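1. predicted model and sequence follow; I will ask about them next.
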Amino acid sequence: AQDCQVANIPVMQNFDKSRFAGKWYAVAKKDPVGLFLLDNVAATYVIDESGKMTANAYGRVIILNNWEMCANMFATFEDTPDPAKFKMTYWGAASYLQSGNDEHWVIDTDYDNYAIHYSCREVDMDGTCLDGYSFIFSRHPTGLRPEDQKIVTDKKKEICLLGKYRRVSHTGKSLYLFIWKWK
Ligand code: AZE
C-alpha cells in the first residue's frame, strides 16, 4: 500500500544510530533539482558520548563554470520524535559549496551491509514529494551484495522512487586517493 505521500513513507523501525555509525559508500542516488554530488560519494557518521550524530561526506561536484572538485561536507543532526528521522544542517569546507537544512530519513538498513537514505526538500500540494534526493548506501565500496538487492528494490518502490536512481561510480578508495587520481 503506497500512496506516495511523504507523511506516510515508512522509515526504519527502532533505528539505532550507534549501529549506523561509520563509513557508508553511495552506490546509487536519486538527484534533487539543482547542484548535487556526482560520484565518488561516501559519508561517515559519528555518534559522540552524548548521543549526538554528526557526519562528514565527500563527493565529486561540478560547480558554476564547469569547475570540477571534491566537495568535503559536514553535517549535524537534530533528533526528532521518530528515531529514524533527523533534521540535518549541512555546509561545505569551502564557502562556494552548498549549505542548508534538509530532512535526513533512514528508510531501511541492516547496519552491516546496506542503507536507504531519503530526503524530501519540497512537499507538493497533494502531499507527494516535489523535490528530493535519496542515496542507496553500502558498507562495501564494490556495491550491494546480491542478497540485499531485492530488499533495496522493494524499498525503492515503497518510497515511490523506483527507476529514479543512477549508479554512483567509485574511482578511488578514499578522499585522498581520489584527489590524487583525479588531477
Ligand atoms: C549526505 C550524508 C550525510 C552528510 C551530508 C550529506 C549531503 C550532502 C549534500 C551535499 C551537496 C553538495 C553540493 C555542493 C556543490 C546526505 C550525503 C552533508 C547534499 C551540491
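-> Alright, I've got the coordinates.

2. identify the residues contacting the top helix by length along the chain?
-> For the chain, the helix with the greatest residue count under DSSP state H is helix 146-158. Outside helix 146-158, the residues within contact range by Cβ atoms under 8 Å, 6 or more residues apart in numbering are 2, 9-10, 107-108, 110, 113-114, 116, 136, 138, 144, 162-165. Backbone N, C-alpha and C define where each C-beta goes, glycine included.

3. what about burial for these, which qualify?
-> 9, 107-108, 114, 116, 136, 138, 144, 165 (16 or more other Cβ atoms under 10 Å).

4. would you mind naming what in this protein lies close to the ligand?
-> 35-37, 43, 55, 57, 61, 63, 71, 73, 75, 90, 92, 97-98, 117, 135 (Cβ under 6 Å from any ligand atom).

5. go with 8 Å
-> 26, 32, 34-37, 41, 43, 45, 55-57, 59, 61, 63, 71, 73-75, 88, 90-92, 96-98, 100, 102, 104, 117, 119, 133, 135 (Cβ under 8 Å from any ligand atom).

6. what is the residue most central in space within the chain paired to in the beta sheet?
-> Central residue check for the chain by Cα atoms, centre = their mean: the C-alpha nearest the mean position is that of Phe135, 4.0 Å away. Bridge pairing for Phe135 (DSSP bridges) gives the partners Lys29, His117.

7. so it touches Thr109, yeah?
-> No. Under the criterion of Cβ atoms under 8 Å, Phe135 makes no contact with Thr109, lying 11.6 Å away.

8. what is in contact with the two at once?
-> Joint contacts of Phe135 and Thr109 (Cβ under 8 Å, 6+ apart) are Ile116.

9. filter the residues of the chain next to the ligand down to the buried ones and hand me the ChimeraX line.
-> Only the buried entries of the residues of the chain next to the ligand go into this ChimeraX selection, using 16+ other Cβ under 10 Å:
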select :26,32,36,37,41,43,45,55,56,57,59,61,71,73,75,88,90,92,97,98,102,104,117,119,133,135
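
10. state which strand of the chain is the longest.
-> strand 67-79 (DSSP state E).

11. how about the closest residue to Ile136 other than its chain neighbours, what does it touch?
-> Spatial nearest neighbour of Ile136, excluding adjacent residues (Cβ to Cβ, 6 or more residues apart in numbering): Ala28 at 4.1 Å. Contacts for Ala28 (Cβ under 8 Å, 6+ apart) come out as 135-136, 165-168.

12. which one of those residues is nearest the ligand?
-> Checking those against the ligand with Cβ to the nearest ligand atom, the nearest one is Phe135 at 5.8 Å.

13. how much space separates that closest one from Tyr165?
-> Counting by Cβ to Cβ, to the nearest Å, the separation of Phe135 from Tyr165 is 9 Å.

14. for Lys30, same thing?
-> From Lys30 to Tyr165 the distance is 5 Å (Cβ to Cβ).

15. name the residues contacting each of those two.
-> Ser134.
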